[in-house]
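S.K.: Pasting the sequence and the predicted model now:
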Amino acid sequence: MRRVPATIVTGFLGAGKTSLVRHLLARAGGRRLAVVVNEFGELGIDRELLLGCGDETCGEDDIVELANGCLCCTVADDFLPSLSRLLDRPAPPEHILIETSGLALPKPLVQAFAWPEIRTRTTVDGVLAVIDAAALAAGRFADDPAAIARQRIADPALAHDNPLEEVFGDQLACADLVILNKTDLIGAEILAGLRHDIETRLRPGVKVVAARDATVAPEIVLGLAAAAEDDLAARPSLHDATAAHDHDDFESFVVTLGAVADTIAFLARLRAAIAAHDVLRVKGFVDVPGRDRRQILQAVGDRIQHYFDRPWRCGEARETRLVVIGEKGLDQAAITAALGG
């Protein structure tokens, strides 16, 4: 099965990320694109801007807004479930654009694509770093540092408090393409100097593209085929030493059960199994007798969400099927027995 390519767009607040994504949507050329946008402050503004791109291939359901905190700090809680829902569609997108917040560290997000539940279904086509050339020339990393400070304060989920220089360094280290934006605001000599300084910090083969108003042709930024999740070692981060896990330390397995008549008792057993075996995530479908719709179940730690989505299809096997994810060494037999009651 073809893996759906995803492009991660990084860069500080005001660098031009939303303008770039809007430009790409408007020139989708008939391709089905979806966008995951991670914003703060005035919620809904970026989403409405993106919906106004005017391209019929991009509807309201194709813009997913994650406003619960810095994306790299809420990967399991917000990003992975949202990405899975996009991939689970009957007609999934042909390309996914992910606009991170300005404070997000890109590498943890790239690492998420190695998680068992999505690694066979999607791949990181490329990481784009959008830079405000005028701000950088003025000795800043963003045009409005005060706005970034407010952004940091407004995000209670932010698990890192790094100087902008460190975040900037991580964005460059992870990038597959750098877009030096707002170049019309600086002179040619200054632009050449900035470009040289940036190029000395990049991995071999990573290019710098100059742009105005974040106008870059889709054929330049999409289709990089970087498979970044398989190239993590070449993308050093200042925060690698503090990373809690390498994703090779995780494993997953599937629990298949029959109908679940007593959902309250089942959720209690699930919660107990998660606590007893240190399960990180559970995701899947539950067959509830008497209901013509399948029940979606997702658990992150002991936080369990469940809801009914679509009807069971004619000829589709009605069964309870859950993917369990945790660190290597999970007692699969014990967990399966516990859930089976």
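M.R.: Received it, and whenever you're ready, just let me know what you need.
S.K.: counting contacts, what elements does the lengthiest helix in the chain pack onto?
M.R.: Ranked by residue count under DSSP state H, the longest helix found in the chain is helix 263-277. With contacts defined as 3 or more CB pairs under 8 Å, 6 or more residues apart in numbering; DSSP states H and E, helix 263-277 has these neighbours: strand 281-286, strand 293-300, strand 303-311, helix 332-340. All C-beta atoms are positioned from the backbone trio N, CA, C, and that covers glycine.
S.K.: Flag every buried residue along that helix.
M.R.: By 16 or more other CB atoms under 10 Å, the buried positions in helix 263-277 come out as 266, 267, 269, 270, 271, 273, 274, 277.
S.K.: With distance to residue 29 and pLDDT as extra columns, can I get those residues in TSV?
M.R.: Written out in TSV, the entries for the buried residues of helix 263-277 read as follows (distance: CB to CB, whole Å; pLDDT from 0 to 100):
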residue	distance to residue 29	pLDDT
266	47	94
267	46	94
269	50	94
270	45	94
271	47	92
273	47	93
274	45	90
277	48	90
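S.K.: can you pull out the helices in the stretch 1-150 of the chain?
M.R.: Assigned helices in the stretch 1-150 of the chain, in chain order: 17-26, 45-51, 80-87, 106-112, 133-137, 145-154 (criterion: DSSP state H, counting those that start in this stretch).
S.K.: chain center to the first one: distance?
M.R.: Shown here is helix 17-26, whose average C-alpha point lies 17 Å from the average C-alpha point of the whole chain (CA atoms, centre = their mean, to the nearest Å).
S.K.: now the fourth one
M.R.: In terms of CA atoms, centre = their mean, the gap separating the centre of helix 106-112 from the centre of its chain is 8 Å.
S.K.: One more: the fifth one?
M.R.: Taking the mean C-alpha point of helix 133-137 and that of its whole chain, the gap between them comes to 27 Å (CA atoms, centre = their mean).
S.K.: Need the contact partners of that helix.
M.R.: Residues outside helix 133-137 that contact it (CB atoms under 8 Å, 6 or more residues apart in numbering) are 12, 14-15, 141-143, 180-183, 185-186, 190-191, 194, 210.
S.K.: PyMOL command to pick out the buried ones of those?
M.R.: For the buried members of those, the matching PyMOL selection, counting by 16+ other CB under 10 Å, is:
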select buried, resi 12+14+15+141+142+143+180+181+182+183+185+186+190+191+194+210
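S.K.: tally of neighbours for residue 286?
M.R.: Counted with other CB atoms under 10 Å, residues neighbouring residue 286 total 22.
S.K.: Thank you kindly, that will do.
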